[in-house]
Every structure is written in structure tokens, then in C-alpha cells.
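S.K.: sharing a sequence plus its predicted fold:
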Amino acid sequence: MRVFHGVTNALIIFLCFLLAGIFLRKTLLPRLMTCASRTPWIIDKAIVSKLRRWVVPWFILFGFISGLEYGDVQVPHYKFMNKTCLIVLSVSIMFFLAEVVGEFIKAYVRKADVNIPQVSILEHFTKWLVIVLGVLIILYSLGVPIGPILTGFGIGGLAVALALQDTLSNFFSGLHLLMSKQIRPGDYIRMDSGEEGYVVDITWRNTVIRELPNNYVIVPNAKLSKATIKNYYLPHKEMAVLVQVGVSYDSDLEKVEKVTIEVAKEVMEDVVGGVPSFEPLIRYHTFSDFSINFTVVLRAQEVVDQHLIKHEFVKRLHKRYKREGIEIPYPVRKVYLKEEKWDREIVDGSSS
């Protein structure tokens, strides 16, 4: 009879904890998430979002441990079961903290720049760092000496570092790229070897670049850190768009400048990717063989917008020049032959 009462009490305690966990997950946590979304902090949102996954398993473990402790149940190997539950609870808390740190990093990156996707290398590095520290703390709490383990890690780490020089070089190069903020996921870059596109992700080994034709270029981090790179998003996304134009020598240059500026303003205001507030300008610079050349300066919101801007500008400028009677000359070269008067005696001598 006593055993029956003990089992009943343990079962009641376990069910109470289970219902409490379900209640918290279904009722209290959504309200906490609503409150957290109204605050300017990032860490509270990360904690509440990850609690939804772990709160019920934790209460199940609490209920099991409390049922064994206060339910007056005589269970063989009680201490072993109790310690096992505590280890499982500690491991779950360790993984919870690792997920919170990873979520915090992703949320911080998104807040720093809306267009930046997740950064795998930073997220995974911090997660594994928290997991390793958690394992060491759990072993220490169980009475396992961690001094020899740390010594073994040091010796093993030296051997691994020698064996994985290229991998570690890529890893630390990726960290350097992130910390220096010279290249960020979401940036449009061009390497000195010719590859260009959007940086999709920086992993522990390589950097993924998506080209405009929607192909991926995988570049080792060590190679990327040594390359000469043009970042089209730094210091700003907006960039100047230069278009080279030439007109005939018979053209009225004042009229050419006025008409060209009018067309450029239309393009800035009408074409997607243009900067309407920008005032276009032209600069004459060369007397070439068949034309007077000048540069038209436009402005695009980002690098990929320049193609449509140039496309529309060339079409509209050609149409407007044709209507205004402004000639865009063909590449021609005029050759003048000078007639020379030959000496009659020389001519007669050569004819004889």
C-alpha cells in the first residue's frame, strides 16, 4: 500500500510539472515574446524564442527528479538515476545557451545591416565555444579533474594545428575578414582575378560569392584575404556612372551640354535605380580624330543598377540628338593628298 501511495504521489508531481511546462509554453511565453518585441534589446528576444523549445523538456526532467525525491518511491539505483537526470538537464541548458548566443549574433548582425544574411563562421564558432565550456563545467561538477584534459587539449591542439595549417589559415582569415568589416555578407565585390558578385556567406573555410548569372564562386578565405578586392558597397552603395559620348566638330557645344543634361535628369528621375536628387553633369575632355568627346556623370543606387541606367540613357540620348540635329559622327578619317609638280627633265628622263 505504501508503494502504491508513493508511486501515485510521484506521478501526481510529474503531471503537475508537465502541465506547468505546457502552460508556460502555450500561455506565458507568447506574452513574454510580445513584450520582448517592444524592447530595444536583442538578448531578451533570443532567450524567449529559444525557451519555447526547451521549457517542456525541462519541466519533464524537473518533474521526474522531484517525483523521485518527494514521492517516497523506493527505486533501485536512485542516486544513479538522479545524477543522470541532472547531467541531461545540464547538457540541455548548455545547448540552450549555445542557441541563445547564436540567435543573439544573428539578430545583432541583422540589426547592424538589414541586407546582411547570417554569417556561418561567427555563429558556429561561438556555439562550439559555449558547448566546450559547458562540457568542461559539467565534468568539473561531477568531480572529474579537468587539468589533464586541458593539457591533452593543448598537446592535441598543437598536433592538429600542424596537420591542418591550410584549414586553420582559412578559418582565421575568415575571422579577420569579418572583424575588419572590409567584406561583409551582402556586399558586391570584384576580385583582381576577375570574379565578381554578391557575398552570400563567409564560412569557416571559404567565402561564397553569387555572380549575376546566379552562379556560385567558392573562394578560400586565405586566398580572399590576400587578393586585391574592390568593394562596391563601401563606403556607400551609391556610385557614379560614367558614360562616354562624342559629337561632331560642327556641333554647338553649349546646346549639346544643355540637351545632354536634360536627358540625364529624365533618366535619373524615371529609371529604377537612379538617384533623382543627383544633378548630372558633363565634362568635355578630348579633341579626337573625328569628334569632340566628353563624359556624362550619372549616379546609381548600387552597382547593378548602372546597366539599366546606361541602357536607357543611350537610347534616350540618341533619340533626342536625332531630333535636335546633333550629329554623333561615325569613326572616319579624312586623307588629304598634296599634288606635287615634277621636274619635266626628270619625268622625261624616266620615260626614256
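M.R.: Now that the structure is in, tell me what you want to look at. Residues are numbered from 1 along each chain as shown.
S.K.: tell me where the longest helix sits in the chain.
M.R.: Longest helix of the chain, by residue count under DSSP state H: helix 78-112.
S.K.: from the contact counts, what lies against the very next helix or strand once past it?
M.R.: The helix or strand immediately downstream of helix 78-112 is helix 120-141, counting by DSSP states H and E. Other helices and strands packing on helix 120-141, by 3 or more CB pairs under 8 Å, 6 or more residues apart in numbering; DSSP states H and E, are helix 78-112, helix 147-163, helix 165-180, strand 196-202. In this view, the C-beta of every residue, glycine as well, is placed from N, C-alpha and C.
S.K.: the protein - how does it break down into domains?
M.R.: 2-163, 181-231, 239-324 (automatic domain parsing).
S.K.: out of those, which is closest to Phe172?
M.R.: domain 181-231 (8.2 Å; CB to CB).
S.K.: quick one: average pLDDT of that closest one?
M.R.: Averaged across domain 181-231, pLDDT comes to 91.
S.K.: ends of that domain, how far apart?
M.R.: Start and end residues of domain 181-231 are separated by 11 Å (CA to CA, to the nearest Å).
S.K.: thinking again about what came up before, out of the domains of the chain, nearest to Tyr330?
M.R.: domain 239-324 (7.4 Å).
S.K.: average pLDDT across that closest one?
M.R.: 95.
S.K.: if we can go back for a sec, tell me what angle the longest helix of the chain forms with helix 120-141.
M.R.: Counting by axes from the mean of the first three to the mean of the last three CA atoms, to 10 degrees, helix 78-112 lies at 160 degrees to helix 120-141.
S.K.: and the helices and strands packed on helix 120-141, which one averages the lowest pLDDT?
M.R.: Among the helices and strands packed on helix 120-141, helix 147-163 scores lowest, with a mean of 66.
S.K.: okay, the domains of the chain in CSV with mean neighbour count and distance to Leu175 next?
M.R.: Below are the domains of the chain laid out as CSV (neighbours: other CB atoms under 10 Å; distance: least, CB to CB, whole Å):
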stretch, mean neighbour count, distance to Leu175
domain 2-163, 14, 7
domain 181-231, 17, 9
domain 239-324, 16, 27
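S.K.: and those domains as JSON lines, adding distance to Val335?
M.R.: Listed next are the domains of the chain as JSON lines, based on distance: least, CB to CB, whole Å:
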{"stretch": "domain 2-163", "distance to Val335": "57"}
{"stretch": "domain 181-231", "distance to Val335": "40"}
{"stretch": "domain 239-324", "distance to Val335": "12"}
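S.K.: sec struct for the residue positioned nearest the centre of the chain, please.
M.R.: The centre of the chain sits closest to Pro185, judged by CA atoms, centre = their mean, with a distance of 1.6 Å. Assigned by DSSP: H, G, I helix; E, B strand; the rest coil, the conformation of Pro185 is coil.
S.K.: doesn't Asp201 make contact with it?
M.R.: Yes: Pro185 is within contact range of Asp201, at 5.8 Å (criterion: CB atoms under 8 Å).
S.K.: thinking again about what came up before, just give me how far the longest helix of the chain sits from the chain centre.
M.R.: 27 Å (CA atoms, centre = their mean, to the nearest Å).
S.K.: and the angle from that helix to helix 165-180?
M.R.: Going by the same axes, to 10 degrees, helix 78-112 makes 60 degrees with helix 165-180.
S.K.: nearest approach to Phe171 belongs to which of the domains of the chain?
M.R.: domain 181-231 (5.1 Å).
S.K.: which strands and helices sit next to the longest helix of the chain?
M.R.: Packed on helix 78-112, when contacts are counted by 3+ CB pairs under 8 Å, 6+ apart, are helix 43-70, helix 120-141.
S.K.: which ones are touching Ile209?
M.R.: 189, 195-200, 216-219 (CB atoms under 8 Å, 6 or more residues apart in numbering).
S.K.: now distance to Pro30 too, for these, in JSON lines please.
M.R.: Shown next, in JSON lines, are the contacts of Ile209 (distance: CB to CB, whole Å):
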{"residue": "Ile189", "distance to Pro30": "42"}
{"residue": "Glu195", "distance to Pro30": "46"}
{"residue": "Glu196", "distance to Pro30": "45"}
{"residue": "Gly197", "distance to Pro30": "41"}
{"residue": "Tyr198", "distance to Pro30": "36"}
{"residue": "Val199", "distance to Pro30": "36"}
{"residue": "Val200", "distance to Pro30": "33"}
{"residue": "Tyr216", "distance to Pro30": "39"}
{"residue": "Val217", "distance to Pro30": "43"}
{"residue": "Ile218", "distance to Pro30": "41"}
{"residue": "Val219", "distance to Pro30": "43"}
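S.K.: quick check, nearest of the residues you listed to Pro329?
M.R.: Among the contacts of Ile209, and counting by CB to CB, the member closest to Pro329 is Glu196, at 34.0 Å.
S.K.: hmm, the closest one is touching Arg190, no?
M.R.: Yes: the pair Glu196 / Arg190 is scored as a contact, 3.8 Å apart, by CB under 8 Å.
S.K.: overlap of the contact sets of those two?
M.R.: Joint contacts of Glu196 and Arg190 (CB under 8 Å, 6+ apart) do not exist.
S.K.: which non-adjacent residue is nearest Val296?
M.R.: Val243 (4.5 Å; CB to CB, 6 or more residues apart in numbering).
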